[in-house]
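Student: Any chance you can model this:
(chains A and B)
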Amino acid sequence: DSGVTQTPKHLITATGQRVTLRCSPRSGDLSVYWYQQSLDQGLQFLIQYYNGEERAKGNILERFSAQQFPDLHSELNLSSLELGDSALYFCASSPTSRANYNEQFFGPGTRLTVL
Amino acid sequence: GQQLNQSPQSMFIQEGEDVSMNCTSSSIFNTWLWYKQEPGEGPVLLIALYKAGELTSNGRLTAQFGITRKDSFLNISASIPSDVGIYFCAGLVNAGGTSYGKLTFGQGTILTVHP
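Tutor: As a prediction, the model looks like this:
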C-alpha cells in the first residue's frame, strides 16, 4: 500500500458525460500528479499540482481539468467524454524532502469505461 | 518530445534465472526510476537513481544509471514466480532544483516466470 488513495475504483459512464476522479496523497506529500494509462499510449503524464498550485502540464486535453484543494486532495475532472477516454487514471504523490522529491508513489488507479 | 525505448518487450524465463532489461533515451534525464505493475494495481516504485554511474540494489534487484544519462538498466537475480509483472523505467528532468513531475515512461517489459 503506497498510502495514496483514489476513488472510485471503477467508473462506467456514457459518451458526453462528465466525471470526477478523486485522489488523496500520502500524508505529508504536497505534490500530486495525474497520469493516464491506455494500451496504445502507455503511461502518460497529465498534470502536476504542488500545494494547491499547478506546477507542470503534460498532454492533457482541454476537456480535462484538475485542482488541488487546501487539504491537499486532488480531483481530476473529465468532461464531454469520448470512447477514447476509456483508460486507467492514476494519481501519484511525492515527498517534499530534496533527498527524494522525485520519487513518485502511485495510487491504485481508477478504471474509467466510456460506453 | 522525450521518448524512452525499453527492451525487451517481454521475457519468458524459468524460475531461478537472472533477468536484464534496459531503457534508452534520446534525451538526458536527471533521475531514473524503475517500477513494477501487477494486474489491476498501480505501479510500485522499486528503485530510484539520481547520479550518472550510480548502481543501486533493492534485494535481488539492481539498477544502474548510465554514464551518458541517456540509459538505465535493471537486473533481477534468481527470479521467483512473484516477480511476474510489468516493469517500467521512467525518466525525469528537473528544472530549477525542484521536481516538475513529468515522468516519461518506457513501454514496459512483461516478465513471465515459469516455476
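Student: which SS class is residue 102?
Tutor: If you meant another chain, say so; for now it's chain A. Secondary structure, DSSP: H, G, I helix; E, B strand; the rest coil: A:N102 is coil.
Student: For chain A, what lies in contact range of chain B?
Tutor: By the rule Cβ under 8 Å from any Cβ of the partner chain, the part of chain A lying against chain B is A:2, A:4, A:31, A:33, A:35, A:42-45, A:48, A:55-56, A:58, A:90, A:92, A:94, A:98, A:100-109. Every C-beta, even on glycine, is put in place using the N, C-alpha and C of the backbone.
Student: Just the buried ones from these?
Tutor: Using 16 or more other Cβ atoms under 10 Å in any protein chain shown as the burial test, these include A:2, A:4, A:31, A:33, A:35, A:42-45, A:48, A:55-56, A:58, A:90, A:92, A:94, A:101-109 as buried.
Student: so A:L78 makes contact with A:V19?
Tutor: Yes - judged on Cβ atoms under 8 Å, A:L78 makes contact with A:V19 at a distance of 5.3 Å.
Student: Mutual contacts of the two, please.
Tutor: Listed contacts common to A:L78 and A:V19 are A:L112; contacts here mean Cβ atoms under 8 Å, 6 or more residues apart in numbering or on different chains.
Student: Look at these two and report which has more neighbours.
Tutor: With neighbours defined as other Cβ atoms under 10 Å in any protein chain shown, A:L78 and A:V19 compare such that A:L78 has more, 24 against 18.
Student: Any chance of the backbone angles for B:S82?
Tutor: With angles defined as degrees, to the nearest 10, B:S82 sits at phi -70, psi 0.
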